[in-house]
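[1] all I have is the shape, not the residue letters:
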C-alpha cells in the first residue's frame with residue numbers, strides 16, 4: 001500500500017508565509033490548532049504555514065516522530081470520529097500547512113533562525129500543565145534553556161536583536177491547561193529577563209510589542225488509533241505513521257476580542273470565541289462538561305456501568321443527566337441561558353461518541369477535589385437562587401461517599417467493592433487514610449466526618465442547612481436499594 005507522501009493528489013502544500021511557531025508536536029496541537037489553521041487556509045480566512053518546534057530533549061519517542069515527519073514531508077492525517085449536529089460524523093483530512101519541524105535541541109541554530117522570519121506573527125504552545133514554570137537554574141547561554149518560558153525568552157531576544165527592536169513583536173497563544181496561561185507565561189518571561197540581566201529596552205519591547213493572550217481549549221484527542229491503524233489505512237488508501245484521531249467538537253476561547261480581526265480562523269470546523277471574559281467560558285466548561293462527569297460517574301459505576309457511552313444509552317442515568325445538567329447546573333452558569341444550553345447539548349453529543357470509550361474509573365481519579373471544583377459551586381449557586389438543595393447535585397456527594405466507602409487498602413489506593421468485583425480508589429494519600437479510618441462507622445458518623453473536613457471542601461459542609469441530612473438519606477438509599485434502583489427512583 002502507498003504511503004501518504006506518495007499520494008500526490010492529497011499532499012499539496014501551497015506556498016504561504018510562515019506565520020505560526022508551534023512549541024509542541026503532540027497529538028492535541030496537531031488535531032486542534034494545525035487542523036483548524038489548515039481548514040482556515042483552505043477557506044481563505046488565514047494565509048500562513050506552521051513551523052513546529054519540539055521543546056523536549058531528544059528521546060526515542062520524539063526522535064521517532066521527527067523521523068516520521070521527515071519521511072512524510074510533514075504531511076499527516078487527522079481523522080475526526082463522533083457526532084455532529086446529532087448525526088454520526090467522520091472526516092479524514094490531510095494537513096498540508098506544516099512547513100517545518102525542528103528540534104530545539106538537535107537543531108538549535110535552525111530553531112533560533114526561525115526568530116528572524118519577517119512574516120512570523122503567532123506562537124502557540126502546549127508543553128503540559130507543568131510547562132509554564134520558572135526555574136533559576138536556566139541559563140541564557142544554554143542551547144537551549146531547559147524550560148519552555150526560558151526557551152521562549154531566548155527566542156524573543158533573538159527576534160528583538162535581529163529587527164533592532166523595531167516592532168515585529170509576536171502574539172503568544174498558550175493552550176496549557178492552567179488558569180490565566182497567558183499571564184503566567186508573560187510573568188515567567190519577565191523573570192528570565194531579570195535573571196539574565198537582559199536590556200531594559202528588551203523588556204519594554206516584550207511588554208509593548210508582544211501580546212500574551214490567555215486561552216481555553218476543548219477537544220478530546222485520543223491520538224494515534226492503535227489497534228485500528230490497519231483498518232484505517234485500508235479506508236484511507238495509504239499508510240500514515242502520524243495518524244491523529246479526534247472528536248469533531250472543538251472549541252478555542254481566545255482572551256482578546258481584538259484578535260477577531262487578525263486571527264479569524266474559526267468556523268463550523270472549529271468554534272473560536274474571542275472574549276475579554278475568558279473566566280466565564282471556563283466556568284461553563286467546568287460546571288457543565290466536567291460537572292456532568294463528576295456528578296454522574298461514581299453512582300453510575302456503582303450501578304454497573306463502565307463507560308460514559310453506556311451511561312448515555314441507559315434511560316435512568318440519561319434522565320439523571322438531563323435533570324441535573326439542564327435543571328440544576330445550566331441555570332447557575334453566568335452566560336445567556338441559550339448559550340449554556342447549546343453547550344450542554346454539544347457535551348451530550350460528545351458523551352455519546354461511539355468511537356471514544358471513556359472509562360468511568362479513569363474519570364473517578366481524585367474525585368474529592370474534582371467535586372469541590374466542579375460541582376460544589378453549582379450546588380451553592382442553585383441553593384442561593386432557589387432556596388432549596390438541588391436534588392441531583394446533593395445526591396452526587398452521597399454517590400462519592402458510597403464509591404469511596406471502604407476500609408480495605410491497596411497499593412497507594414483503597415479497594416472498593418461492586419458486587420463480586422473490586423475496583424481501585426485513587427486520591428491523595430491523607431484523604432484515603434481518613435476515609436478508611438471512618439468508613440466503618442455508622443452512615444451518619446461517616447458522612448458527618450467527611451463533610452466536616454473544611455480543608456477538603458473549602459468550608460464545613462455540615463453548616464449548610466439540611467445538607468448533611470439529605471446526603472445521609474441519599475447514601476442510605478444507595479446502600480439499601482442499590483445504585484441502579486435508587487437512580488431510577490430518584491429520577492421518577
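    The structure has been received and is ready for your questions. Owing to the predicted nature of the structure, the values given are computational and were not obtained by experimental measurement. Numbers count the residues shown, from 1 in each chain.
[2] got a list of what residue 115 touches?
    155, 156, 158, 159, 162 (CB atoms under 8 Å, 6 or more residues apart in numbering). (Glycine included, C-beta is placed from N, CA and C.)
[3] got a winner among those residues for most neighbours?
    In terms of neighbours by other CB atoms under 10 Å, the contacts of residue 115 top out with residue 156 at 24 neighbours.
[4] and the end-to-end length of stretch 445-463?
    15 Å (CA to CA, to the nearest Å).
[5] so which bits of that stretch are buried?
    By 16 or more other CB atoms under 10 Å, the buried positions in stretch 445-463 come out as 446, 447, 448, 449, 450, 451, 456, 457, 461, 462.
[6] wait, the last one sits on residue 452?
    Yes: under the criterion of CB atoms under 8 Å, residue 462 is in contact with residue 452, at a separation of 5.3 Å.
[7] skipping its backbone neighbours, what lies nearest residue 135 in space?
    residue 147 (5.4 Å; CB to CB, 6 or more residues apart in numbering).
[8] neighbours of that neighbour, how many?
    22.
[9] ok, the residue lying farthest from the centre of the chain - contacts?
    What lies farthest from the middle of the chain is residue 442; by CA atoms, centre = their mean that is 39.0 Å. Residues in contact with residue 442 (CB under 8 Å, 6+ apart): none are found.
[10] could you measure from it over to residue 465?
    Plainly put, residue 442 is 22 Å away from residue 465 if you go by CB to CB, to the nearest Å.
[11] do the same with residue 184
    Taken as CB to CB, the span from residue 184 to residue 465 is 39 Å.
[12] compare neighbour counts for those two and give me the winner.
    Applying other CB under 10 Å to residue 184 and residue 465 shows that residue 184 carries more neighbours, namely 19 against 10.
[13] so the residue nearest to that one when sequence neighbours are not counted, which of the three states?
    The shortest distance from residue 184 to any non-neighbouring residue, by CB to CB, 6+ apart, is to residue 132 (5.0 Å). For residue 132, the secondary-structure state derived from DSSP: H, G, I helix; E, B strand; the rest coil is coil.
[14] which non-adjacent residue is nearest residue 235?
    Closest to residue 235 by CB to CB, 6+ apart is residue 92, at 7.6 Å.
[15] and the one you found, what element?
    strand 87-95 (DSSP states H and E).
[16] may I see the buried residues of that strand?
    Buried positions in strand 87-95, judged by neighbour count with 16+ other CB under 10 Å: 89, 92, 93, 94, 95.
[17] ok, now stretch 273-282?
    Neighbour-count burial for stretch 273-282 flags 273, 274, 278, 279, 281, 282 (criterion: 16+ other CB under 10 Å).
[18] same question for stretch 428-447.
    For stretch 428-447, using 16+ other CB under 10 Å, the buried residues are 431, 432, 434, 435, 436, 438, 439, 443, 446, 447.
[19] where does the stretch 251-400 of the chain dip in pLDDT?
    Scanning the stretch 251-400 of the chain for pLDDT under 70 picks out no residues.
[20] coming back round to it: out of the buried residues of stretch 445-463, who's nearest residue 384?
    residue 461 (15.1 Å; CB to CB).
[21] state the distance from the closest one to residue 255.
    Counting by CB to CB, the gap from residue 461 to residue 255 is 33 Å.
[22] could I get the buried residues of strand 87-95 in JSON lines, plus columns for pLDDT and distance to residue 410?
    Shown next, in JSON lines, are these (pLDDT from 0 to 100; distance: CB to CB, whole Å):
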{"residue": "89", "pLDDT": "93", "distance to residue 410": "41"}
{"residue": "92", "pLDDT": "97", "distance to residue 410": "43"}
{"residue": "93", "pLDDT": "98", "distance to residue 410": "44"}
{"residue": "94", "pLDDT": "98", "distance to residue 410": "46"}
{"residue": "95", "pLDDT": "98", "distance to residue 410": "43"}
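[23] buried residues in the helix or strand encompassing residue 468?
    Here residue 468 sits within helix 467-481, counting by DSSP H and E. For helix 467-481, burial by neighbour count (16+ other CB under 10 Å) applies to 467, 468, 470, 471, 472, 473, 474, 475, 476, 477, 478, 479.
[24] over to the closest residue to the fifth one other than its chain neighbours: give its phi and psi.
    Spelled out, that is residue 472. Residue nearest to residue 472 in three dimensions, not counting chain neighbours: residue 447, with 5.0 Å by CB to CB, 6+ apart. Main-chain torsions, residue 447, degrees, to the nearest 10: phi -60, psi -40.
[25] show me the contacts for residue 447.
    The contact partners of residue 447, taken as CB under 8 Å, 6+ apart, are 398, 401, 468, 471, 472, 475.
[26] out of those residues, the closest to residue 103 would be?
    Ranked by distance to residue 103 (CB to CB), the contacts of residue 447 are led by residue 401 at 49.3 Å.
[27] and what about the closest one, helix, strand or coil?
    Criterion first, three-state DSSP; result for residue 401: helix.
[28] count the neighbours of it for me.
    23.
[29] test my guess that it contacts residue 450.
    Yes: proximity of residue 401 to residue 450 meets the contact threshold set by CB under 8 Å, at 6.1 Å.
[30] sorry, back to before: how far away is the residue farthest from the centre of the chain from residue 452?
    For residue 442, the distance to residue 452 - CB to CB - is 15 Å.
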